[in-house]
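In: sequence first, predicted model second:
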Amino acid sequence: MNYTEILSSDRAKIEKRLRDLFGFNVSVFQLSNYALGCGCTGLTVSPTGINIDDLEVFKDHIFPTVIESAHDLLLDPTIAYAIVGGDAGVSALHLADYCDRCAVEYGGADGRPRPDTYVIANFEGGKSDKHLSNLRSRFENLIRERTGIPVYLLEMGVFALRCGCIGISTFTRGMRRDGLDELLNKLDKIAEELSIDSDLLYATIIPGTIEVMTLNVKHLCEDCRKRYRNPRSDIYISRWK
């Protein structure tokens, strides 16, 4: 499966659907497919310019396109929900295939486990492809072997951005800077398996510490290629290709 082609194409398709409904002030700045350490997998649509009322009124016109994208990625979701800010703006739409523990949590009180979570629909689901989950587990085990530390890989995600960047990111807990270059090279090998032809390997460091927050492999758009030549202080550049 060519994850990046699917994500790039489907991001544009979902954005077009939202713009047909709400106008050109709406965009989708990221579409990502993720696997979590608990066992959940999912698809996240990150929009700008829509609010929860828009979603409630037009959900039957929006979610068929989003569900089609999930199926393109062999995701069989059990729930659809939105993350809503204090201004009623929708910051993310999620389709998720939950692990058993999270399925109980998201049962919640009337299906709303947290104040910012708006559950839209539940599905039978539960038969998602496990390839990305297996890659996450494999890379977590590799990090632990190389560092000798019980590092926890919270999430591995493959993404397509509106600017044209594509890539893979991992969110870590308990990882230090030692051995970063070797581990980023290993992540680049995984990126190749997912058809990502990378330009840049880098990590983000929690400011004032030696704690690693994310490991990233990206194929950059032209604008971001220029921006990363002068990166923020919390970014460690391992290698340009």
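Out: Received the coordinates, thanks.
In: domain parsing for this protein?
Out: Structural domains assigned to the chain are 3-122, 131-240, following automatic domain parsing.
In: ramachandran angles for residue 208?
Out: Main-chain dihedrals, residue 208, degrees, to the nearest 10: phi 80, psi 0.
In: run a quick neighbour tally on it.
Out: Look at residue 208: counted by other C-beta atoms under 10 Å, it has 7 neighbours. Placement of C-beta: from N, CA and C, glycine included.
In: next one: it from residue 233, what distance?
Out: The gap separating residue 208 from residue 233 is 10 Å, by C-beta to C-beta, to the nearest Å.
In: ok, now residue 121?
Out: On the measure of C-beta to C-beta, residue 121 and residue 233 end up 43 Å apart.
In: the more surrounded of these two?
Out: residue 121 (15 against 7).
In: what kind of secondary structure is that one in?
Out: Of the three states, residue 121 takes strand under DSSP: H, G, I helix; E, B strand; the rest coil.
In: adjust the sequence numbering to begin at 29 for everything that follows.
Out: Got it, the first residue is 29 from now on, which makes the last one we talked about residue 149.
In: OK, contacts around the nearest residue to it once chain neighbours are set aside?
Out: Spatially, and ignoring its direct neighbours in sequence, residue 149 is nearest to residue 108 (4.6 Å; C-beta to C-beta, 6 or more residues apart in numbering). By C-beta atoms under 8 Å, 6 or more residues apart in numbering, the contact list for residue 108 reads 91, 94-95, 121-124, 147-151.
In: who wins on neighbours among these?
Out: Busiest of the contacts of residue 108 [other C-beta under 10 Å] is residue 123, holding 28 neighbours.
In: which stretches of the protein form helices?
Out: Secondary structure of the chain (DSSP state H): helices located at 31-50, 80-100, 128-133, 159-175, 208-221, 250-255.
In: is it true that residue 125 touches residue 153?
Out: Yes - between residue 125 and residue 153 there is a contact at 5.6 Å, judged by C-beta atoms under 8 Å.
In: look at those two and report which has more neighbours.
Out: residue 125 (26 against 17).
In: contacting residues for that one?
Out: 68-70, 103-106, 153-154, 156.
In: state the pLDDT value of it.
Out: We have a pLDDT of 95 for residue 125.
In: please report how far it lies from residue 151.
Out: From residue 125 to residue 151 the distance is 9 Å (C-beta to C-beta).
In: now for these two: what residues contact both?
Out: Joint contacts of residue 125 and residue 151 (C-beta under 8 Å, 6+ apart) are 104-106.
In: so of those residues, which ones are in strands?
Out: Among the shared contacts of residue 125 and residue 151, no member is found in strands (DSSP state E).
In: of all these, which comes closest to residue 52?
Out: Of all those, residue 105 has the smallest distance to residue 52: 28.7 Å, by C-beta to C-beta.
In: what about the closest one, neighbour count?
Out: Neighbours around residue 105, by other C-beta under 10 Å: 25.
In: need the contact list for it.
Out: Neighbours of residue 105 in contact, by C-beta under 8 Å, 6+ apart: 70-71, 95, 98, 123-125, 151, 153, 156.
In: which non-adjacent residue is nearest it?
Out: residue 123 (4.0 Å).
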